[in-house]
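# quick check, what structure comes out for this input:
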Amino acid sequence: MNIAFLLQPKSDTAFLYDDFTLRQGLEKMRHHGYTAIPVIDREGKYITTISEGDFLWFILRDSEDGNLQEVPLQNLEKTQIKDIIHTDKNPPVPITATTDELVERGMEQNFIPVVDDWGSFIGIITRRNLLERFAKYKD
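Here you go, the predicted structure:
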């Protein structure tokens with residue numbers, strides 16, 4: 001199966017730029033009602049997926065005595081998303097990925113970022129779209 005049929009294109013997908021502030025990121029996630037969202041750079045390259053938990057753990061940092069301490073909320077307007085991302089928890093698949101790869105990823109995450117041959121973000125495949133496609137062809 002050609003996975004392009006399952007693709008929700010970038011133009012129809014909410015995403016964040018890595019130079020957005022934390023406040024901009026949180027506002028966009030809240031507006032769309034998402035708990036996780038792809039992050040790309042200004043050249044369109046996929047970087048990672050950021051989640052509510054990433055924001056929360058940045059805001060509630062460990063202090064030197066081991067207790068949680070809050071980062072002042074005004075820092076949400078000064079800190080960029082690229083300053084809090086570390087590793088990719090949600091690696092992308094190439095547009096040439098197999099159905100088996102999609103199923104494996106879909107069991108672990110709500111959406112699968114898709115990139116072209118140059119690593120540019122071209123969209124996502126949602127778990128819902130994947131399941132609907134298989135349900136349609138199960139008989």
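
# hang on, Thr48 is in a strand, isn't it?
Yes: using DSSP: H, G, I helix; E, B strand; the rest coil, the assignment for Thr48 is a strand.

# that one bridge partners, please.
With DSSP bridges as the criterion, Thr48 is bridged to Val39.

# just the buried positions in stretch 95-108, please.
97, 102, 105-106 (16 or more other CB atoms under 10 Å). For every residue, glycine as well, the C-beta is placed using N, CA and C.

# which helices and strands sit right next to the strand or helix carrying Phe121?
In the assignment (DSSP states H and E), Phe121 maps to strand 121-126. Here strand 121-126 touches strand 8-9, strand 36-40, strand 111-115, going by 3 or more CB pairs under 8 Å, 6 or more residues apart in numbering; DSSP states H and E.

# how about the strands in this structure?
8-9, 16-17, 36-40, 46-51, 60-62, 68-70, 93-94, 111-115, 121-126 (DSSP state E).

# now render the ones you listed as CSV, adding mean neighbour count, mean pLDDT and distance to Asn2.
Below are the strands of the chain laid out as CSV (neighbours: other CB atoms under 10 Å; pLDDT from 0 to 100; distance: least, CB to CB, whole Å):
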stretch, mean neighbour count, mean pLDDT, distance to Asn2
strand 8-9, 14, 96, 14
strand 16-17, 18, 98, 28
strand 36-40, 21, 95, 22
strand 46-51, 22, 94, 20
strand 60-62, 10, 68, 44
strand 68-70, 10, 69, 48
strand 93-94, 15, 94, 13
strand 111-115, 25, 96, 12
strand 121-126, 22, 96, 12
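
# I'd like the distance between the closest residue to Gly119 other than its chain neighbours and Phe15.
In space, and not counting its chain neighbours, Gly119 is closest to Lys45: 5.1 Å by CB to CB, 6 or more residues apart in numbering. Using CB to CB, to the nearest Å, we find Lys45 at a distance of 12 Å from Phe15.
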